[in-house]
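**Q** Quick one, fold the following:
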Amino acid sequence: MLQTSSVFVALVGRPNVGKSSLTNRLVGEKVAIVTSKPQTTRTRITGIVTRGPVQYVLLDTPGVHIPRTKLGERMSKAAADSVADVDVSLMLFEPYGEFTEAELAMIGALKKGGGPAIAVINKTDTLKRPADLEARRAQLKALETFEAVEAVSVLADEGCEELFGLLAAHAVEGPHFFADDAYTDLPEKALVSEILREKMLLNLYDEIPHGIAVTVERFKERPGTNLIDIDVNIYCERKSHKGMIIGKGGKMLKKIASEARTECEDFLGARVNLQCWVKVKDDWRDSDFLLNDFGFRQER
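**A** The predicted structure is shown next:
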């Protein structure tokens, strides 16, 4: 019988570098919401892949950035804490551009004592010429922080599969931490709230979604039916934002709820009765009480 092992992996990097997309690609299921907007991922999302004796536990973290609110501070802490808790980190980079202040801070943390780390240059499909990739590789190797520098394109599905071999080298022998058929540890209620938030990110103006929190107040199966009743509260920071979320005649909220309900039915395998209410909580992103209430609790 093969000896089982597990490897815990933190995916870190700047916003929009492709951490959630890579997590979903490696897992083979959608466990993290993906949009083109920064700070889409707010909390640490766990993706689980079991291949034979090796179980890969992937921690998709919020994008490293300079925080401007208490929510931002908690997001940054979640990313920083993750690299200290894992067997290996994958730090994703764009092919072009200077490193941000937040990226340099994360590189410093990895170098100081964050454990083994692999640099991953994503979005190779955007390269203008091959020499640009080699220049980026050399730049990352010169940091003397990463044991390897890999290049992938999640969009074109190139180079992603090869990451499993690199990660398996850091696996630790022992029993698997999750069932072999699991692909996330998120409860169904949390998945519902993330799906709804994704639809708002995709449908609303840029400045609104970052001030939105979603809580599932009821998640109940009707006895003897294939129907789940789900009640959701959507919190925003401004009365004017509430009007935009609802839309004229409720049109925008209906569109968001319809898109979310369809995706929820797919992953729950049941019909869903989704009811949404929009409420205003002024400046909730800077309230420790409301951040805790909305599920953004800090790990001690």
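**Q** Surely Lys255 is in a strand?
**A** No - going by DSSP: H, G, I helix; E, B strand; the rest coil, the assignment for Lys255 is helix, not a strand.
**Q** What pLDDT is listed against it?
**A** Predicted confidence (pLDDT) at Lys255: the value is 95.
**Q** my read: it touches Asn203, true?
**A** Yes - contact criterion Cβ atoms under 8 Å: Lys255 and Asn203 qualify, at 6.3 Å. C-betas here are computed from N, CA, C, even on glycine.
**Q** Comparing these two, which shows the higher neighbour count?
**A** Set side by side, Lys255 and Asn203 give different neighbour counts by other Cβ atoms under 10 Å, the larger being at Asn203 (16 against 13).
**Q** quick one: the more buried one and Ile230, what's the gap?
**A** Using Cβ to Cβ, to the nearest Å, one obtains 19 Å as the distance from Asn203 to Ile230.
**Q** Over to Val172?
**A** Between Val172 and Ile230 the distance, using Cβ to Cβ, works out to 38 Å.
**Q** what does Met252 give?
**A** Using Cβ to Cβ, which is the criterion applied here, Met252 is 19 Å from Ile230.
**Q** So for the two, which sits in the more crowded spot?
**A** Between Met252 and Ile230, counted using other Cβ under 10 Å, the more crowded position is Ile230 (23 against 17).
**Q** what lines up beside the helix or strand where that one lies in the sheet?
**A** With secondary structure defined by DSSP states H and E, Ile230 is part of strand 227-236. Applying DSSP bridges, strand 227-236 is found paired with strand 213-221 (antiparallel), strand 271-280 (parallel).
**Q** Give me the average confidence score over the shortest one.
**A** For strand 213-221, mean pLDDT is 89.
**Q** who touches it?
**A** Contact partners of strand 213-221, identified using Cβ atoms under 8 Å, 6 or more residues apart in numbering, comprise 188-190, 192-194, 196-197, 200, 227-235, 270, 281, 284, 290, 294-295.
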